[in-house]
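[1] Let's see this in three dimensions:
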Amino acid sequence: MSTTRPYPPGDRDPEPEAAAEVPQGRQVRRLSFDGESAVVPLARDFTRQALYAWGWLPAAGADQRAAAEDVLLVVSELVTNACLHAAGPDQLQISCDRKVIRLEVSDKGAGQPAPRSPHRAGRPGGHGMFIVQRLCLDWGVVRSPGETGKTVWAELGAPA
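    Here you go, the predicted model:
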């Protein structure tokens with residue numbers, strides 16, 4: 001936890017008055033970054049609101065809190081990588097069903113994200129995709145034929 005925050009991670013926004021009913025079926029939310037600044041905190045706040053709406057937050061226990069924090073960390077890493085290696089993200093899409101949450105960050109970059117190999121824990125930088133790989137059930141890259149850019153996606157399991 002950062003010592004500069006006046007609140008613990010995940011507790012920035014007030015909790016809803018009553019626990020939200022978990023939606024049935026696949027739920028999808030999209031955030032366009034067109035003309036936006038401070039996109040990493042914007043993406044985290046957007047994701048946090050989706051987690052509240054979908055019943056991931058407020059967390060009932062430590063495992064549920066950890067699952068929500070993992071989602072927020074992966075969003076941060078994917079959006080940060082788009083900023084560092086692809087001139088910024090275009091869109092964040094979050095979809096969720098009862099078992100899996102899928103995060104997708106689209107950008108105009110041509111690069112191929114990959115965990116740095118060999119991973120060197122003591123060196124600064126280069127840990128983003130290693131973190132994504134360790135926290136997620138699966139992740140990958142989708143490119144549309146004839147279009148510039150890519151979508152980096154990651155899937156995490158819903159808390160029990």
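[2] Pull the distance from the longest helix seen in the chain to the chain's centre.
    Of all segments of type helix in the chain, defined using DSSP state H, the longest is helix 62-85. Here helix 62-85 shows a centroid-to-chain-centroid distance of 4 Å under the convention CA atoms, centre = their mean, to the nearest Å.
[3] Give me the contact list for that helix.
    The contact list for helix 62-85 (CB atoms under 8 Å, 6 or more residues apart in numbering) reads 9-10, 39-40, 43-44, 47-48, 51, 56-57, 59, 88-89, 92, 94, 101, 103, 105, 107, 109, 111, 113, 128-129, 131-132, 135-136, 152, 154, 156-160. Where you see a C-beta, it was placed from the backbone N, CA and C, and this is true even at glycine.
[4] can we see that at 7 Å?
    Helix 62-85 is contacted from outside by 9-10, 39-40, 43-44, 47-48, 51, 56-57, 59, 88-89, 92, 101, 103, 105, 107, 109, 111, 113, 128-129, 131-132, 135-136, 152, 154, 156, 159-160, using CB atoms under 7 Å, 6 or more residues apart in numbering.
[5] For Leu73, see how far away the closest residue to Asp138 other than its chain neighbours is.
    When the adjacent residues along the chain are set aside, Asp138 lies closest to Glu155, with 5.2 Å between them (CB to CB, 6 or more residues apart in numbering). Distance, Glu155 to Leu73, using CB to CB, to the nearest Å: 14 Å.
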